[in-house]
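**Student:** Need a 3D model of the sequence below.
(one chain, ligands or ions: 2)
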Amino acid sequence: MKLGVGVAAVAGAGVNLAPGAFAAEPAAAKMPALGSRLSRAEGPLKVAGQARYAIEQKLENMAYGVTVQSTRPAGRILNIDTTPAKAVPGVVDVYTFQNTLKINKPTVYSKGGGATEEFTPIQDNIVRFNGMHIALVVADTFEAATEAASLLKVEYEDGEAILDINDPKAKPVLIEPMGAAWGDAAAGLASAEVKIDVTYTTSREYNVPMEPHATIASWDNGKITVWEPSQWVGGARSVVAEFLGIDIENVRVISPYVGGGFGSKIGAHPHVGLACAASRKLGRPVKVSLTRPQTFTGLGGRPATRQTLSIGASKDGKITSIVHESWNETAIDDVHVEACNNVTKIMYATPNFSTRLNVVPVNTVQPGWKRGPGENPSAYALESAIDELAYALNMDPVTLRLANWADVDPSNGMPWTTRQLREAYAAGAEGIGWWSRNPVPRSMREGRELIGYGMAAGSYPMIRTASEAKLVFHANGQIEVLSAATDMGTGTYTILAQTAADALGVPVEAVVVRLGDTALPRSALAGGSQQANNLSGAVDRAARNARVALLNLAASDPKSPLQSLKLAELTFENGAIRPTRRPAGGISIAALLKAVGQDKLEIEGNTFAAGATEDMKNAADRSFAQLKGPAEGGVSAHSWAAQFVEVRVDEDFGTIRVKRMVSAFCCGRIFNPKLAESQWISGMVMGLGQTLLEEGFVDQRDGRTVNANFADYAVPVNADVPDIQVISVGIPDMQATALGGKGVGEIGVVGVAPAIGNAVYHATGKRIRGLPITLEKLA
Ligand code: MCN
Ligand code: MOS
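**Tutor:** Numbering: from 1, shown residues only. Ligands and ions are numbered 1, 2, ... in the order given. The predicted model follows:
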């Protein structure tokens, strides 16, 4: 392997593309670096066990913290008897509300911070939900801490719990600013020739990344280093600083490798506060790793939702009005809003429209973001309802969608950047054989199996946050790309190497990428499908700056072999500087550095607006304050999807199998088709799980999450996953981002559930209006 020496052994290690990355598709290597189908640069390290994850750091004198979680959903803790626990050999201390380990409330993102929940554990004796952290047991070994944790005696005083979004005791709260309205939605509905009025529900779902949540915090003389699997080290850094009440400059967060997050690693969750506070108190490193079951309540997944949708249309299929209202569960004293109107607002042209979002506080862990938050449930309700409308109108569902094509963004009147959704419908329909289906429900079968075809559309906004990156040119020829960004398996390492190689005209193997450390240049988070575009823009800018700097160096340094020439007489091409008139007489970057006696040259680039202050740059790195939504700059930028599926329903058993999935995506320019396709496919598989399998069960007696483990919380396995075909119909979108790409990571999971649900209806004639669609609902 041509991996840098010692690459695997140190945190923050650089990753470059081994020559083997080209082996599968030799032709691709001749293509420009950006746009070629390279394999993941860090893949070999991960499969060989050489990528060191947060929990795997080995620190001197480490203590192990095990959290204890409440077994009641509401009320108060009267007493926690820690005596038997403290008697276990090796136990260092036990922290509860009775001997508070001080953790300050962090600022949530909606109030300008980087946290996803305000809740901080063991600061009081209030029980907010079953499974909340109520104690931290710290010992010299993990085993001692685990044993001691089992010995705590907790005395509760039960309070009245609200466990379900439909509980009559629950008090929904309208989130007024997130609603939207135009025209007269009520009148539009009242006068419609055809109307549908439906309610769709989704269950609580969990992110369950392969790498469970775990943190090592190491306090050292007023400074703290935190190894934390993170989608956003800048956000985690600000949260840790707030937890501890210390200056952010004294916090470093390191996260070179992440084993998946799917939204659950954007925020540093409460157990991180426990680890940090304990490390400060004890003056030694503390590791807190949640068990798989503890991850189900140590942090939240996608909340359960209920959505009502009324759509009115004329007989010829023109939508006249849409009324959409949603409710999602949130923690009893924290607010998570699932923006269920995100797709509804923009997908179809309608003169009259109204949506309202509500949250329903229940005794649950604060829900969080799961891949495609907002858009995913939004598309589920909307695209299922549109299918219902198509049947009510006796119209083909694709034709109905085209009849209501939105020429501009209906929510703000802005033109789209690119919207290749017509092309996506055409490509998806062709791929699945849509036009040869018999549209009549329950009309197609093969033996015992009913056959169903279904489709749905989806969208995901292009979120922009300015970022910076640094390139370091070494005299030995190596070029480093430095950024605080993270790679949870998406391909950040790979595409940044491609971006730099492309802009400099060097072989991609010459580039080493270092990520996941707040000591590196500030980056947008790996969330909201924005990092690839925001960061490749910054790397490209740095490379362009470097070309100018290198030309200047060649023209001006007295030791430069090209010093006799003027700047205007030099050209930068293929990683070398040469006289413009003499194509052969160039010198490489490394040769220039050697000639002028420099070991390295560091060049930065960024996409901050001219005049951006340090405060603004920091805010972009640590909060959402500098985030630009899809409608920035007078144009509306989104990725688009058309999802088509074929299902088979066994008539005797009621089992549903997805037989084929064909989806077409408009995500602008694709930086690495192999990785983008993996992103889309994995999103679609996640959508399949959501539709047929995933459902968090809460025991209505005590609020316990019943299936809080990988055995009972079912996700798709290979045998569940059918033939999947993905098609890119995007074109470079220079209005959306610097290099013309749009977001890829989440769009794949948007629209799958309605496509499958619609196919189940087509197969069986039964409309199931709640996820997951399980066989008992079909019976
Ligand atoms: N890409 C591309 N061309 C583009 C845009 C992206 O080729 N125009 C490819 C690149 O390989 C890039 C990847 O797609 O690394 C994702 O890019 P982007 O859409 O910008 O998403 P982020 O880098 O911001 O990653 C976050 C996104 C989100 S929000 C979730 S949720 C999600 C997802 O990525 N979680 C994932 N994909 C995941 N993939 C893995 N393996 N694990 C997760 O937890
Ligand atoms: Mo993705 S849910 O925005 O991390």
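**Student:** correct me, but residue 482 touches residue 470?
**Tutor:** Yes - here residue 482 reaches residue 470: they are 4.3 Å apart, a contact under CB atoms under 8 Å. In this view, the C-beta of every residue, glycine as well, is placed from N, C-alpha and C.
**Student:** For the stretch 201-350 of the chain, what lies in contact range of ligand 1?
**Tutor:** 209, 260, 261, 262, 263 (CB under 6 Å from any ligand atom).
**Student:** possible to save those as JSON lines with distance to residue 182, pLDDT and neighbour count?
**Tutor:** As requested, those are exported to JSON lines (distance: CB to CB, whole Å; pLDDT from 0 to 100; neighbours: other CB atoms under 10 Å):
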{"residue": "209", "distance to residue 182": "39", "pLDDT": "97", "neighbour count": "19"}
{"residue": "260", "distance to residue 182": "39", "pLDDT": "97", "neighbour count": "18"}
{"residue": "261", "distance to residue 182": "36", "pLDDT": "98", "neighbour count": "27"}
{"residue": "262", "distance to residue 182": "34", "pLDDT": "98", "neighbour count": "27"}
{"residue": "263", "distance to residue 182": "30", "pLDDT": "98", "neighbour count": "23"}
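**Student:** now the closest residue to residue 651 other than its chain neighbours: how far from residue 649?
**Tutor:** Counting by CB to CB, 6 or more residues apart in numbering, residue 651 lies nearest to residue 448, which is 5.3 Å off, once chain neighbours are set aside. To residue 649, residue 448 is 9 Å away according to CB to CB, to the nearest Å.
**Student:** Just want to know which of the two has more residues nearby.
**Tutor:** With neighbours defined as other CB atoms under 10 Å, residue 448 and residue 649 compare such that residue 649 has more, 25 against 11.
**Student:** tell me the contacts of that one?
**Tutor:** Residue 649 is in contact with 449, 450, 452, 655, 656, 657, 760, 763, 764, 778, counting by CB atoms under 8 Å, 6 or more residues apart in numbering.
**Student:** Among those, which lie within strands?
**Tutor:** Residues of the contacts of residue 649 located in strands (DSSP state E): 449, 450, 452, 656, 657.
**Student:** what does the domain assignment say about this structure?
**Tutor:** 61-161+212-260+265-298, 305-462+631-778, 464-622 (automatic domain parsing).
**Student:** where's the second one relative to the chain centroid, distance-wise?
**Tutor:** Averaging C-alpha positions (CA atoms, centre = their mean, to the nearest Å) puts domain 305-462+631-778 17 Å from its chain's average.
**Student:** just to revisit the earlier point, correct me if wrong: the residue nearest to residue 651 contacts residue 648.
**Tutor:** No - contact criterion CB under 8 Å: residue 448 and residue 648 do not qualify, at 9.3 Å.
**Student:** From residue 648, how far out is residue 691?
**Tutor:** For residue 691, the distance to residue 648 - CB to CB - is 14 Å.
**Student:** For ligand 1, give me its nearest residue in the stretch 301-450 of the chain.
**Tutor:** residue 371 (3.9 Å; CB to the nearest ligand atom).
**Student:** What separation do you get for that residue and residue 450?
**Tutor:** Distance from residue 371 to residue 450, counting by CB to CB: 30 Å.
**Student:** With neighbour numbers in mind, choose between those two.
**Tutor:** Ranked by neighbour count (other CB under 10 Å), residue 371 and residue 450 place residue 371 first, with 27 against 22.
**Student:** And the lowest mean pLDDT element among the helices and strands of this protein?
**Tutor:** The helix or strand of the chain with the poorest confidence is strand 15-16; it has a mean of 66 (mean pLDDT, DSSP states H and E).
**Student:** After that strand, heading C-terminal, what element do we hit next?
**Tutor:** Remark: after strand 15-16, the chain's next helix or strand is helix 43-47, criterion DSSP states H and E.
**Student:** Right, I'll leave it there.
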